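Participant: Kindly generate the corresponding structure for this input.
(chains A and B)
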Amino acid sequence: MIKKGLFLLLLCSYISLMIPLTAFMKERPVAVKLGYFPEAHALKTVAGDHRYLVAQYAVVKVLFYFGTIVEKAKNMIVVKPEYQNMFKTLQTASKLDPWNADVYYFTQAAFTWELNKIQDVNEMLDYGMKHRTWDYQLPYFAGFNAAYFLKDYGTAAAYMKKAAELSKDQLMTSLASRYLYESGQNEIALQFIEFMQQRTMDRKLINLYEFRKKALIAVISIQKGVNAYVRSRGTPPSRIEDIVAAGFIDRIPEDPYGGTFYLDEKGTVRSTSKFAFGTAPIRWSTE
Amino acid sequence: MGNFHCFYSLTVKALIRDRLVHIFSLVVATVFLLIPVFSMFSMRQVQELSITLCLSAISFILLIFTILSGASSVWRDVEKRYTASILGLPVSRAEFVLGKFSAIAVLIVASAIIMGFVSCLVITLITLRYPADIPVNWLNLFVAVSADALKYVMLLSIALLFSTMSTSFFLPFFASISVYFAGNASQEVFDYVAGEYGTTIPFLSRMIIKCVYYVIPNFAVFNMKVQAIYALPLTPAPIFYAILYFICYTGIMLCLSVWSFNRRELV
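Facilitator: As a prediction, the model looks like this:
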């Protein structure tokens, strides 16, 4: 009788504990720390034939970490991301498993806009191309980086030509030719993001692309206003507010990364956020 | 209480007789001597890596110790017909099960204390050689090691339950390992299902996953490693929940173990 009573008491306690515990675990603060991942040569030795699994684990670890950063940015919580550690971890993963497509896909997704490590990303993509000889996406990514970020249209065209040969896709051919001309860059970037978005099912990456699309759409709309202002007045505007005052755009769009848009000396639309997480100054709500 | 104490001391003596202490000392010495060497792989956060390696080593050694001693405990006595002779005497089976559990649990806690102490020495040595930006939070380290010890005592109660039901070594051994992996992943799976992804899977599957989450142990409750590694603030709430959860779940498992062993035909 005592044993049964004790068992029932424990069971009732367990059930009543699980309600607050589940809520607590759901709301528990996520420790936003990526930390260190050991060097590739050491891991290769230790992991043996499990190194492909370790490589995948490294990618998933970075993906989850970055997903948390994106989630926090959505809620306007500024966290300084460990970009260097992220990049290093993915480099390690590429050395452990050079055929892993996720490594290259995620490196392209995270380090071009946020870290501006274009040369490093393209070097990693070149490394990937040596192993994934059938994959048209890697030269496509590298071509986009060369054109959009480095303004090196000759290299971009060569990458796109390679991508077109591998994919037999007319889009790659047309992009290869379009990159030879410096025109409509932001629209090309928008096309590229949509291309990337269509090739993932991961909600975290889709969220990231939504951020970028919003930012690019905002830039495109301001740039169109600037162009209209120049055509109408003959001189470029000194501030974005001038375009709004002249009625070329209704209002200054919001930067999803938390920054403020401005025009540089060449009349190009920029943002204080540099379109990266953790770079915008924290805005105390005093207004 | 006298019988309970007898079973307790017999189990401790049996574990020592099996050269468990020798093997344990050898493994601990090897692993912890290697930690300073492996910590050098990081040139940016040697201290953090050394804490990570120490905590992982403690966790891994305790896992092996718990699974091997817990899964084989009751089953081995039944197999050797030791129970047939001893339980013929006027002693209760509950005392037998609880005595065994207490002996192994005490050895798990003692091992955690020893390894925690060795970890402190290793980390101190590394910190002196490679001073870090953030000082080591020794209290957080103590909490992380204690939480790990609770986790493995809880796993022991599960292994013991399987051991009381089984007629071979395989069920308690593999079932305990499976529960360990499932218990480590359950919170992640639950979070994933509770999030946006959950809306894309059928309602029935979602309910089944949630039911399984409440039945299998949730070892994420005891995970306080990141606070120890990076000296992050640790509030009393997770410690409080971990202790309550440990008491309830372990208590239920022990009740079920006693009930299962009482119903078992030993002749």
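
Participant: all contacts plus neighbour counts: C-alpha atoms, from now on.
Facilitator: Fine.

Participant: what's the distance between the one residue in the stretch 101-250 of chain B that gets nearest to chain A and B:K151?
Facilitator: Closest residue of the stretch 101-250 of chain B to chain A, Cα to the nearest Cα: B:C248 (5.3 Å). Separation of B:C248 from B:K151 (Cα to Cα, to the nearest Å): 13 Å.

Participant: the more surrounded of these two?
Facilitator: B:K151 (26 against 20; other Cα atoms under 10 Å in any protein chain shown).

Participant: For the stretch 151-287 of chain A, what lies in contact range of chain B?
Facilitator: A:R203 (Cα under 8 Å from any Cα of the partner chain).

Participant: in the stretch 151-287 of chain A, which spans are helices?
Facilitator: With DSSP state H, counting those that start in this stretch, the ranges of helices along the stretch 151-287 of chain A come out as A:153-167, A:170-178, A:185-198, A:203-233, A:240-245.

Participant: Pick the most buried one from these.
Facilitator: Of all the helices of the stretch 151-287 of chain A, helix A:153-167 has the most neighbours on average by mean count of other Cα atoms under 10 Å in any protein chain shown, namely a mean of 22.

Participant: C-alpha coordinates for that helix, PDB please?
Facilitator: This file holds the C-alpha atoms of helix A:153-167, laid out as PDB (Å, rounded to 0.1, in the frame of the first residue of the first chain):
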ATOM      1  CA  TYR A 153      32.900  40.700 -65.100                       C
ATOM      2  CA  GLY A 154      35.500  38.800 -67.100                       C
ATOM      3  CA  THR A 155      36.000  36.200 -64.400                       C
ATOM      4  CA  ALA A 156      32.200  36.100 -63.800                       C
ATOM      5  CA  ALA A 157      31.600  35.400 -67.400                       C
ATOM      6  CA  ALA A 158      34.100  32.500 -67.300                       C
ATOM      7  CA  TYR A 159      32.500  31.000 -64.300                       C
ATOM      8  CA  MET A 160      29.000  31.400 -65.800                       C
ATOM      9  CA  LYS A 161      30.200  29.800 -69.000                       C
ATOM     10  CA  LYS A 162      31.300  26.800 -67.000                       C
ATOM     11  CA  ALA A 163      28.000  26.700 -65.200                       C
ATOM     12  CA  ALA A 164      26.100  26.900 -68.500                       C
ATOM     13  CA  GLU A 165      28.200  24.000 -69.900                       C
ATOM     14  CA  LEU A 166      27.500  21.800 -66.900                       C
ATOM     15  CA  SER A 167      23.800  22.700 -66.500                       C
END
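
Participant: what sits against residue 223?
Facilitator: Going with chain A. Contact analysis of A:Q223 by Cα atoms under 8 Å, 6 or more residues apart in numbering or on different chains lists A:T268, A:V269.

Participant: wrong one, chain B
Facilitator: By Cα under 8 Å, 6+ apart, the residues touching B:N223 are B:A144, B:A147, B:D148.

Participant: Look up the pLDDT of A:T279 for me, please.
Facilitator: On pLDDT, A:T279 comes in at 53.

Participant: low-scoring pLDDT stretches of the stretch 1-150 of chain A, where are they?
Facilitator: Residues of the stretch 1-150 of chain A meeting the criterion pLDDT under 70: A:29-36, A:48-49, A:71-80, A:114.
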